[in-house]
Each structure stands twice: as C-alpha cells, then as structure tokens.
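A.B. asks: Sequence first, then the predicted structure, then my questions.
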Amino acid sequence: MSKIADFNAYPDAHGRFGEYGGSYVAETLMAPLAELSEAYQRLSADPDFLAELDRDLQHYVGRPSPIYHAERLSRQVGGARILFKREDLNHTGAHKINNTVGQALVARNMGKTRIIAETGAGQHGVASATVAARLGLKCVVYMGATDIERQKINVYRMKLLGAEVVPVTSGSKTLKDALNEAMRDWVTNVADTFYIIGTVAGPHPYPLMVRDFNAIVGREARAQMLEEYGRLPDVLTACVGGGSNAIGLFHAFLNDAGVRIVGAEAAGEGIATGHHAASLAAGRPGVLHGNRTYVLCDDNGQITETHSVSAGLDYPGVGPEHAFLKDAGRAEYVGITDDEALEAFHLLARSEGILAALESSHAVAQAIKLARELPRDGIVLCNLSGRGDKDVHTIAAREGVEV
Amino acid sequence: MSRIDRRFAALKTAGRTGLIPFVTAGDPSPQHMVAMMHALVGAGADLIELGVPFSDPMADGPVIQHASERAIAKGVGLTQVLGWVHAFRQRDAETPIVLMGYLNPLETHGYARFAREAVAAGVDGVLLVDCPLEESAMLQPLREAGLQQILLAAPTTAPARMAQLCSSAEGFLYYVSFAGVTGAAQLSVNEIAARVAEVRALAGTPVAVGFGIRDAASAVAIAGFADAVVIGSALVESLAGATDAADIVGRARSFLQPIRAALDAR
C-alpha cells in the first residue's frame, strides 16, 4: 500500500509530483509559464471565475453526467456490477470539453486572442475549436498527418467550427509531433497566444490545471456513488494515453485507500511485440514535452514510435501524476491490446446500445476483466470517456467493411 | 581556468569577436564528422557547438529537426558523438566543444556515466535546451566532473530572473535573440543590442548571441555588441546532402571563412 498520506498535496509549488513533473522547457517559455501559473492560481481561487465555470459546465457541457449501471453487460460478463461514468454524453462527445471550457476562460481572462492546441484523436481539437468559436477566439490546431488520415470526421468538424487544422509531417506524424509543433508555435507567438494542452502532461502548471478541470468527473462520480449506491466502488478504471480522463476520475478517490485504481494503457499488438503505447507498463523515466515522466524510448534516449488502434492513446509519454501514482503504488497500470479493445467495443454496443470511443473501449475491456475477478455485489466504476462515432470509419476499415 | 574560459580570455585580449558554429552531430555524414570539425576550426571557429540529435527537438526549427532525423536514421547516439569528440581531441587540444541538445538522451545514458565519458572524451560544456536553471539539480554529476553548464537567456526573461541567470552563468551566457525556434525570423538588431548590453552589464561571463544569424552581414551586425556569435541553421542547411569528405570540408570552409573575414575586418 502507498505511504503517501495526502494525494491532494501534489504537485508542489514547482509542479513536481515526487520526482516527476516540473518545467523542462526552453528559457523563452519560462516567463509565459510563470505568467500562466500566476493567472491560474489567482483564478482558481476567484469565486466569480469558479461560478462562471460551473455555469458553463452545467449549461454548455451538460453536466453532471450520469453514472449508469450496465446491467446486461454485467450479466453477460458474469461478475461484479459494471458502472459507467458517462463522459461520452458531454457536448462534443468526450471528457475533453471539461478542460477546454476551463482553459478558454483562463485565456480570456489573460487577454489572449488566439488559441492553439494539439490533438491526436481529434477530440481535444474539436473541444478546443468549440470553445474558441464560442468565445470568438482564433483557433489553430496542430495534428499529425497520420492522425488526420485516420480521424477525417473530426478534422472536418474542427473546420466547421472555424479552426485552422495544420498537418504536422515531422517525426512519426502523430500526437507527440503535433505537441512539438504547437510548442514551437507558442514559443514564437507567446504575446497573444494561449496554448490549450489537452492532457495532463506538458510543463507546470498544465498537469495541475488540466487535472483540476477534469477532476469534476471524479468529484461527481464519488458523490453519485454515495447517493445512489450508499458506498464507494471497489475499483476504478479508465484508459490512459496522456491520462486526462483517468486522472479526472481517479483524483477524488486517491485518498480513499479502499478503492483500487487501475489504468488501462494501449498495448497495441501486444507489449512483447514492441508495437504499443504503454509508457507506464513498459517505459522508463525520462524527459519529454516539458515534464519528467515515464517515456518510451530507445537506449539512445530517442522517443520511439508508438502504436495503438486508437489515435488518442498513441502517445509515448504519460502525465507525470500517473508516473507518481505508479511509483507510489497507489494505482496500477496494465495494457489492453487493440483486439481486446475492439472486442469490448462490440460487446458494449450489442449489450447496452452504446458506441464507445476506441480509447474508452480499452477501459471497457479492463472493466470487464476486473468485474470477472469480483463477486456479484462488487462494483467496478469505469470512465466511459468518449463516444465512438468518430471511430466508425476506422473500425469498418479494420474489419474490411466499406462504408 | 577551463578551456572555454581560456578561449574567451584570448579573444578579449586579441579584440576579436568569437565565432561559434553549430552542427548536428552525424549530419551530413557520420564518417566525416571529425574532418568537418577540423575544417570548421581551420575556417575560423573559436568554439564548436555539437548538436546531439534528439527525436523531439521542441525548440528547433525545420532545418535542425531534419538534420536530427537524418542523424538518428543513421543510428547516431551519444556514444558516437563522444567518440568523435575524442578523435577530434587527438589533433586539437585547444578548441572548446559544447554539446547542445535535450535532456532525454542524457537521462537514458545516465548522468554520472555521461559526465565521466564526456570529460574523458574532451567535452567542455553542455547546453541543454530543455533544462532551465530550476531543473538543473540532476546535472550535479556533470558539474562535479568539471563540465560547464551553458545557460540560455531570452527576450522574455524577466529582470529578476535575468540577474539570477547572469550570476549562475558558467563559460558563457547564450542570449537567444528572439522568441521563436532556431533558424527563423528577422533580427531586430537595435532591440537585441539594447538587451544584450543589459545582460553583459550583469553577467560575469562573456555573452554569445544566437538564433537567426545567417551570414556575414547578420554576424557583423550582432558582433558590434556581443562577445561571440552562434551560427547554426544556415550552416546545417549548407552542409545538408553533402556525402564525400572533400565536399563536406569544402562547404564548411566556404560557409564559415567569409563570416570569419567579415568579423575580423570590423
């Protein structure tokens, strides 16, 4: 069991979660990050800001999202009750909007007029384009050329919302390269530009700020559990790429020692094949994208190309708080393969009438495994972080179906 | 006195502006790296910045990104880079060498092991783009081994922090001439001059200026108020694609010599 007394005490003032986190950026960004840190610290204690955020989350995002007992799925699995936190029901179809609504309000408060964002699956890009449109801010989204190809629908959604989508052709042409390019844009345009990072990675204060904006997921879920079931779940699970939906669900439960926490990483074609994106399960400590965390890299320290059927999990790093929770023994991180995720996708669709995002399907697969280990009166709470409409083409192509 | 300190002292005595070329280690050709380094010195380099290739060079523009990608594709890593420095040192004991790059290759190699091997090879300092002063505690083994940590200062650096950087600087302070990535933008010489004057008044070390210096004209413009100028992307671009030793050496010389001549004629 973990020796940490209070998980709310992290990160420290330098953004460190134990030996992870921090601000590993070029000197040019130190001042803008300090400015952001100061603005966020001020706003996160400002009742007017918090009231406006609450209003937006309620009336624009559609919060609270329900927890839903998937009875037919649970019966078919034949174990504990599986409950879903329905983040797929949010406006734009995923948890990502919780964070972009918050950061956009911070951006407006800081007087920034231009929003930039990176995106993998396109969910964060859509969520950023959405809030930029609503506040009348210019929006540029960086997206790997490979991801643009496999997430065409989201690319078009961003364009419909008035965003400019810039293809990134360097490196592996996926999320990590989009993040590099967004960082380069920010370094060049720091005066008027606000960078909305979509996950709990990047330099301080991003891992803190993105966690705080997503932590409403776990706060709601914890209260709903107590109100509707009179108890906390036995185990939580969520998919982990960068880790924003997972930390969102986990955070409110970290000090509940009796609640087991399991993150599902993308094992791709299997961790043994090397074609995966399981940074925590198979990586090592390193420095990437402004923070110290677990990364996938070779013996020369070069970040390796990752593989996952889901673009949103296809990332060779992970948020530093997850690295900290792993080392502290508070959370476990396991791999779910492409095939397992797809199987879970179909099972959920047929048993419950829910098309889950491929990312979230990894969590569903893990929830099924966990449910089998528990007695029937046990409860597994799984974050259904996004809906699967965006993945319909990918799934059809993979299964040889022409749409 | 370190090799870097001796070199800057000699430049000061001679009244010359230092010329610091940056090349990506392993590009355009791993086989001819050492010959290329000697050619740079022959053409007037006072110190060489050797870029350690990294897969995710966040602070670099497309020219250096692509050079890194080419080098990585040829399998270049820290061990080879240190091997080239060691080979270079067999014939040149005086020209300082600074390794420039990102933390992850060092983290993976191990800081203590890197420090030991780098000093043995003849490296004088490191400039780690993604390691600001606040995060440099883990570089303690490098300091203990005698490697100087070259710090960056930028146009966005606030006054209080600038004073802190200046008092912590070792070897020289690298002033980034504009907010952006390597190889980009137009230089606004008057603004840079004013800022560098402030930095030089605070710093106990010489100040080198880099980012955006492309040729003799821009080097001379900066030389009026800097102790040294750094030229990277334009040099890397002019070397790109060369394959045989004669071509590489020739391109290195013909790029650097006119800049050296213009600086000396000032």
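C.D. replies: It's in.

A.B. asks: C-alpha from now on. contacts and neighbour counts both.
C.D. replies: Noted.

A.B. asks: Return the residues of the stretch 101-250 of chain A in contact with chain B.
C.D. replies: A:170-171, A:177, A:180-181, A:183-185, A:187-190 (C-alpha under 8 Å from any C-alpha of the partner chain).

A.B. asks: Just the strands from the stretch 51-200 of chain A, written as ranges.
C.D. replies: A:67-69, A:81-86, A:114-119, A:138-144, A:164-168, A:193-196 (DSSP state E, counting those that start in this stretch).

A.B. asks: Repeat that for chain B.
C.D. replies: B:18-24, B:48-51, B:97-101, B:125-128, B:148-149, B:151-153, B:173-176, B:207-210, B:228-231 (DSSP state E).

A.B. asks: Name every strand pairing with the fourth one and say which way it goes.
C.D. replies: According to DSSP bridges, strand B:125-128 has the following sheet partners: strand B:97-101 (parallel), strand B:148-149 (parallel).

A.B. asks: Residues of chain B that sit close to chain A?
C.D. replies: B:54-61, B:65, B:69, B:77-78, B:103-109, B:129-132, B:135, B:152-158, B:179-181.

A.B. asks: Find the nearest non-adjacent residue to the residue in the stretch 301-403 of chain A positioned nearest to chain B, please.
C.D. replies: Residue of the stretch 301-403 of chain A nearest chain B, by C-alpha to the nearest C-alpha: A:Gly301 (4.0 Å). Among residues not flanking A:Gly301 along the chain, B:Pro105 sits closest, at 4.0 Å (C-alpha to C-alpha, 6 or more residues apart in numbering or on different chains).

A.B. asks: re the thing from before, and the residues of the stretch 101-250 of chain A next to chain B, which is the shakiest by pLDDT?
C.D. replies: Among those, A:Gly171 has the lowest pLDDT, at 84.

A.B. asks: can I get the strands paired with strand B:125-128 in CSV with distance to A:Pro64?
C.D. replies: Converted to CSV, the strands paired with strand B:125-128 look like this (distance: least, C-alpha to C-alpha, whole Å):
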stretch, distance to A:Pro64
strand B:97-101, 46
strand B:148-149, 51
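
A.B. asks: I'd assumed A:Cys297 was in contact with the residue nearest to A:Gly301.
C.D. replies: No - using C-alpha atoms under 8 Å, B:Pro105 is not in contact with A:Cys297, being 9.2 Å away.

A.B. asks: Between those two, which is the more surrounded one?
C.D. replies: Neighbours were counted for B:Pro105 and for A:Cys297 using other C-alpha atoms under 10 Å in any protein chain shown; B:Pro105 has more, 26 against 23.

A.B. asks: check which helix or strand covers the residue of the stretch 301-403 of chain A closest to chain B.
C.D. replies: Using DSSP states H and E, A:Gly301 sits in no helix or strand.

A.B. asks: So it sits against B:Tyr102, correct?
C.D. replies: No - A:Gly301 lies out of contact with B:Tyr102 (C-alpha under 8 Å); the separation is 9.6 Å.

A.B. asks: So for those two, which residues contact both of them?
C.D. replies: B:Phe54 (C-alpha atoms under 8 Å, 6 or more residues apart in numbering or on different chains).

A.B. asks: which one of these two has more residues nearby?
C.D. replies: B:Tyr102 (29 against 24).

A.B. asks: That one and B:Val126: what is the separation?
C.D. replies: Using C-alpha to C-alpha, to the nearest Å, B:Tyr102 is found at 10 Å from B:Val126.

A.B. asks: what's the answer for B:Val76, then?
C.D. replies: Relative to B:Val126, and taking C-alpha to C-alpha, B:Val76 is found at 18 Å.

A.B. asks: same deal with A:Gly353?
C.D. replies: A:Gly353 is 58 Å from B:Val126, by C-alpha to C-alpha.
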